[in-house]
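J.: Here is my input; please provide its structure:
(4 chains)
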2 protein chains.
Amino acid sequence: MRRVRTSTQLVDAAPVFAALGDPTRLRIIARLCTSGPQSIVRLTDATQVTRQAVTKHLHALARAGVVRGTRDGREQIWELQPQRLVDATRYLEQISTQWDEAIARLRALVEQDDP
Amino acid sequence: MRRVRTSTQLVDAAPVFAALGDPTRLRIIARLCTSGPQSIVRLTDATQVTRQAVTKHLHALARAGVVRGTRDGREQIWELQPQRLVDATRYLEQISTQWDEAIARLRALVEQDDP
DNA sequence: AGAAAGAGCAACTTTCCGGTTGCCTTTGTC
DNA sequence: GACAAAGGCAACCGGAAAGTTGCTCTTTCT
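T.: This next block holds a predicted model:
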């Protein structure tokens, strides 16, 4: 089974960025990574929306693989799953690198024509 | 004028991630950074949607500061504006770092209680 | 045992988003 | 000047997404 690498990367990256593209979700993530794993109610008072809204956001983040939830008694504990974030970082770095190279080529071309 | 740094960063970061959270837009960005600045029609045949759809996406990207367009004759040339992407990368790195530190603190706590 | 805390499920509303179609303006070229 | 190429503008549509409210269920605590 052959796969085109760049295309696969691209399709994989979009949902992660989409998951990060909401201020409430970003706030949840920030809270999760400063204060560690915690329950929904604790996460809720970090935001300004309902508990159910936070629940939906957590499921969205879980669908993107950014977060993981485990049951503990009557509480559901959510924790960060940083691998996908690292992947996203790599992807952005790669884009910046490619762009820098393109600019370098362009500059070389210009200087060659007009030294 | 005083500003809360983390909050400002958070609010600024969300629109950039939202802009990156669409496969078609990611494809446009990839095309822009491999093949350099180019017009809408050239960008359109890198995707599988209409020219107007591409135009909308470009405006969305411009609103997020990821891309910039200049008029040249009857063509509109769009080019990447990598600063925001670099900012986004920094933000993700910072989150990962904070998370690692939180994990380290947690581990230290556990080993202290149960050596 | 009974109350309260934590959470899940479902329905509903409102707004936004991706995409298309249709038409008009500007610019370049023969 | 006529025609084609590039693009802007506006209306429209279907679906997703964010958020709320209301109810139920399980677990814990007293």
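J.: show me where pLDDT drops low in chain A?
T.: Applying pLDDT under 70 to chain A flags the ranges A:1-8, A:110-115.
J.: Report the beta-bridge partners for A:Ile77.
T.: For A:Ile77, the beta-bridge partners are A:Thr70 (DSSP bridges).
J.: Let me see the ranges of the strands in chain A.
T.: Assigned by DSSP state E, chain A shows strands spanning A:67-72, A:75-80.
J.: any chance of those strands in a markdown table, with mean neighbour count too?
T.: For every residue, glycine as well, the C-beta is placed using N, CA and C. As requested, the strands of chain A are arranged in a markdown table below (neighbours: other Cβ atoms under 10 Å in any protein chain shown):
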| stretch | mean neighbour count |
| --- | --- |
| strand A:67-72 | 14 |
| strand A:75-80 | 18 |
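J.: For those strands, could you give me JSON lines that also reports distance to A:Ile95?
T.: Output for the strands of chain A, formatted as JSON lines (distance: least, Cβ to Cβ, whole Å):
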{"stretch": "strand A:67-72", "distance to A:Ile95": "24"}
{"stretch": "strand A:75-80", "distance to A:Ile95": "24"}
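J.: Ok, which of the ones you listed comes nearest A:Ala30?
T.: strand A:75-80 (10.1 Å; Cβ to Cβ).
J.: Is there contact, residue-wise, from that closest one to DNA strand D?
T.: No: applying Cβ under 7 Å from any atom of the strand, one finds strand A:75-80 separated from DNA strand D by no less than 7.8 Å.
J.: how about that strand against DNA strand C, any contact?
T.: Yes: using Cβ under 7 Å from any atom of the strand, strand A:75-80 reaches DNA strand C at A:75-77.
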